[in-house]
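sequence and predicted structure, then a few things I'm wondering about:
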Amino acid sequence: MKQTITDILTEALARAKDKGDLILDVHPVITLETPKAKNHGDLATTLAMTLAKPEAKSPRVIAEIIIRNIQDRDGVLEATEIAGPGFINFVLKQDRWQQTLFDIDAEGNQYGFPNVGRGEKILLEYVSANPTGPLHVGHGRGAAVGDALANLLRAVGYDVQREFYVNDAGRQIRNLARSLYARYQQALGNAMPFPEDGYHGSYVEEIAEGLLQREGKKFLNTPFEDCEAPFADYGREAMLADIRSDLDAFGVHFDSWFSEASLLAAGAVQQSIEELRARKYAYEKDGALWLRSTAFGDDKDRVVVKQDGSYTYLATDIAYHRQKLSRGFKTLVNIWGADHHGYIPRVQAVIQAFGHPRDALHILLVQLVTLMRHGQPVPMSKRAGDFVTLRDVVQDVGSDAARYIFLTRRSDSHLDFDLDVAKEQSRENPVYYVQYAHARIASLYREAESRGIAVPASDGVDVSLLDSEEEQDIIKALAQYPEVIEEAALAYEPHRLTYYLQNLAGLLHNYYFKQRVITDEAGRTGSRLFLMKQVKTVIQSALGILGVTAPERM
RNA sequence: GCGCCCAUAGCUCAGCUGGAUAGAGCGUUGGACUACGAAUCCAAAGGCCAGAGGUUCGAAUCCUCUUGGGCGCACCA
C-alpha cells in the first residue's frame, strides 16, 4: 500500500522536475506514515515540508505542485488534500483496502512477511546462562525476546541460527565442582566445610545425590584435586540438562550449543591471539598481553592474557566472536543482561580488530525482571540460593502468559512481572485478551458450521459489503501488519507485535459487540466470515512469532 | 570521579527513529448480557512528557546543562 503511493509520488516529483516546477537537486526520501487522526486520511507524507527549505518555497505551495503532478493511473486514490502546515493526506479507495483481504487469504500464514533478509545469515546468541545454576526469570526474559526475535527475523527472510553459548570453562565450573564435592562428602557423613563462594542452592544437593547414586562412594576419600574433572563434568551435564528442559517447557529451542571449553581445546584462543598480533591490535606490556581496544573507542586497552599466563574472560570471547564470523555470519546479534553493558565497547572493538564493521555486531540489552507478588517485590538472592526460577514461574502462570508479558515491554526497560496478574485468567491479563479474540472467531466458525454455513472461498465473496467503519478499521489494521513485521524485525523490537495484537484484538472485540457476523443475508454473512478468517490468520501469525499459542477454545 | 541506560496519566508502560489534538492496560466513576463466548463492549475523569536552555517550519523524540533513579568502570567470570 505504501509502496503504491510512494511510486505515485516519485513519479509526480519527476514530472514536476521536468516541467521546471521544482529544482530537486537531491532526490528526497519519501516517507509515508499512517496518521493518528482519522480525518487526516489513510496515509500522509511530510514531503512538501522537507522540501520547503531547498526549494525556497512555502510547504503548501510545494504540496500544490506535487498534487498537480500526480497521475493516478490505477485509480487507487479517493482523495488528496493539503492539510495543516503542509501535510499531503491521501485517502485510498475502499476497494483498495478490501483487496488486502484477498492477499491474506491467498498467502495464509505467509502473509505480511516481506523478504528483506534475502537469506542473509544472522547468528542470534541469547540466554547463554552459566551452567552453574537453574535459569532465573531474567534468563526467561532473554529467552522470550531472543526466541521471538529469531522467529521475526526468519519471517522476513533471514537465515537465523539460534545459539546458546555455554560458559563451561574457568572458575565458575570449578566452583560448581567444588560445591558439588562438598555436598557429596556431606551426604556421606563427611563433615566438609562448604566453599566460601560456592553455590548454595538446594539444586546442588540434588545433583550431588544424583552423582552419588551413579558413582557410589568411590570419591569418599579422594581429595578434590584428584577428582575435580568427574565432578565438573557431571555438574555441567546435569545443569545443562536442567537448563535444556526448562527452556523446552518454555518453548525455546536452540539450533546450536557452543562450548567455551571447546574453543580452548581446539587452540582457537591461541590462534585468535596470533591473528590479533599480526593485525597489530595486540601487544605485550607489564608481562601481560593486551588488546588495543582504544583503537576503536574503548576507554582503555584490555588484558587478554594475564601475567600468570592464564586467559581472561575476554580471551575466550575474542575467540568465540572470531569463530562466529568465520562461520560466515554477516550479522551477529547478542542478547545480554543489561548489567553487562560496560562490556560492549570491548567486544565491538574485537569485531573491528578482525576487520569487520562495528555494526556487524548488535547487542541487545535486556533489563532484569522484578517479580511481584501481592504487590510486593519477591526477593531474589542467588547468593542465598533460594530464588524464583524460570521453571517455577512457567509452572505457576503458564508459558503463554510468561512469554507474552516478557514481550510487552521494550527489552531495555525495567519490567515488573506481577505473578498474580499473570496467573489470573481474567481481563487484567493481556495475553487472554488477544487469545480470546482468536478463540471467539474460532467459536464463530463452530456456530456457523452448526447452522450449515461455510466460509466462502475468495471468488465467492463480495468484500464491498464490508463498508462499515468498524470493518474498515479492521481491514486497515490487517493491511498494516506487513509494515509492523518489517519494522519490528529491522529494529530488533519484537515487543511491537504485542501492541499491534492488543490493538487488532480490541478492534475485533469492538466489532463483534456492535455487529453480528452471522446474519440473515447470505452474502453479508459470507463476506463477514471471510473477514474474520483473515483476522484469525493474522492473530495466529503474530502470536506464533511471539511463541504464544492461538487457542481454538479457552 | 568517568561512562551507559532510564524519567510520559494515581500505577505499569507504548509512542512507528522529527510531524497534526501525546496513547493503551490496570485502578476510579457510570452504563451494556431473553441473539454468534460479558475472559467482552461503551462512556467519563485523569498530563507543565522531571526541569532549563538550544537546533527548525515543527521536539516526548535530536544537542547541552541541572535534578533524580538503575547499572557498569578488574590481569573476576
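Yep, that arrived.

below-threshold pLDDT in chain A: ranges please.
Of all residues in chain A, those with pLDDT under 70 make up the ranges A:380-387, A:425-428.

burial measure for the residue of it found nearest RNA strand B, as a count.
Nearest residue of chain A to RNA strand B, counting by CB to the nearest atom of the strand: residue A:342, 1.8 Å away. Quick note: C-beta positions are derived from backbone N, CA and C, even for glycine. When neighbours are counted by other CB atoms under 10 Å, residue A:342 registers 8.

contact partners for it?
Contacts for residue A:342 (CB atoms under 8 Å, 6 or more residues apart in numbering) come out as none.

near RNA strand B, which residues of the stretch 351-500 of chain A show up?
A:408-410, A:412-416, A:425-428, A:430, A:432-433, A:436, A:439-440, A:442-444, A:446-447, A:487, A:491, A:493, A:495-496, A:499 (CB under 7 Å from any atom of the strand).

and with 6 Å instead?
A:409-410, A:412-416, A:425-428, A:430, A:432-433, A:436, A:439-440, A:443-444, A:447, A:487, A:491, A:499 (CB under 6 Å from any atom of the strand).

how close does the residue of chain A closest to RNA strand B get to residue A:155?
Note on residue A:342: its distance to residue A:155, by CB to CB, to the nearest Å, is 33 Å.

now residue A:165. Nearest residue, chain neighbours left out?
residue A:128 (4.1 Å; CB to CB, 6 or more residues apart in numbering).

phi and psi next, for the one you found.
Per-residue torsions, residue A:128: phi 40, psi 50 (degrees, to the nearest 10).

and for the one 3 residues further on?
The main-chain torsion angles of residue A:131 are listed as degrees, to the nearest 10 and equal phi -80, psi 50.

tell me, how many residues neighbour the residue lying closest to residue A:301 once chain neighbours are set aside?
Spatial nearest neighbour of residue A:301, excluding adjacent residues (CB to CB, 6+ apart): residue A:290 at 4.6 Å. For residue A:290, the count of nearby residues is 19 (other CB under 10 Å).

same deal with residue A:496?
Using other CB under 10 Å, residue A:496 is surrounded by 17 other residues.

quick one on the thing from earlier: ok, the residue nearest to residue A:165 to residue A:399 distance?
Residue A:128 sits 21 Å away from residue A:399 when distances are taken as CB to CB.

which SSE is the closest residue to residue A:461 other than its chain neighbours in?
Using CB to CB, 6+ apart and skipping residues adjacent in sequence, the residue nearest residue A:461 is residue A:530, 4.6 Å away. Counting by DSSP states H and E, the element that carries residue A:530 is helix A:522-546.

same for that helix, what does it pack against?
helix A:94-107, helix A:137-155, helix A:430-450, helix A:469-490, helix A:495-514 (3 or more CB pairs under 8 Å, 6 or more residues apart in numbering; DSSP states H and E).

hmm, that helix touching RNA strand B?
No: applying CB under 6 Å from any atom of the strand, one finds helix A:522-546 out of contact with RNA strand B, separated by at least 8.1 Å.

list the buried ones in that helix?
A:524-543, A:545-546 (16 or more other CB atoms under 10 Å).

so that helix versus helix A:94-107, what angle?
60 degrees (axes from the mean of the first three to the mean of the last three CA atoms, to 10 degrees).

just checking, the residue nearest to residue A:165 touches residue A:162?
No: here residue A:128 lies out of contact with residue A:162, judged by CB atoms under 8 Å, at a distance of 11.2 Å.

what sits closest to residue A:8 if chain neighbours are left out?
residue A:70 is the one closest to residue A:8 (CB to CB, 6+ apart), at 6.0 Å.

contact partners for the one you found?
Taking CB under 8 Å, 6+ apart, we find residue A:70 in contact with A:8, A:9, A:11, A:12, A:77, A:80.

are any of the residues you listed buried, and which?
A:8, A:9, A:12, A:77, A:80.

buried sites along the strand or helix carrying residue A:243?
Per DSSP H and E: residue A:243 is located in helix A:224-249. Buried residues in helix A:224-249, counted by 16+ other CB under 10 Å: A:224, A:227-228, A:230-232, A:234-236, A:238-240, A:242-244, A:246-247.
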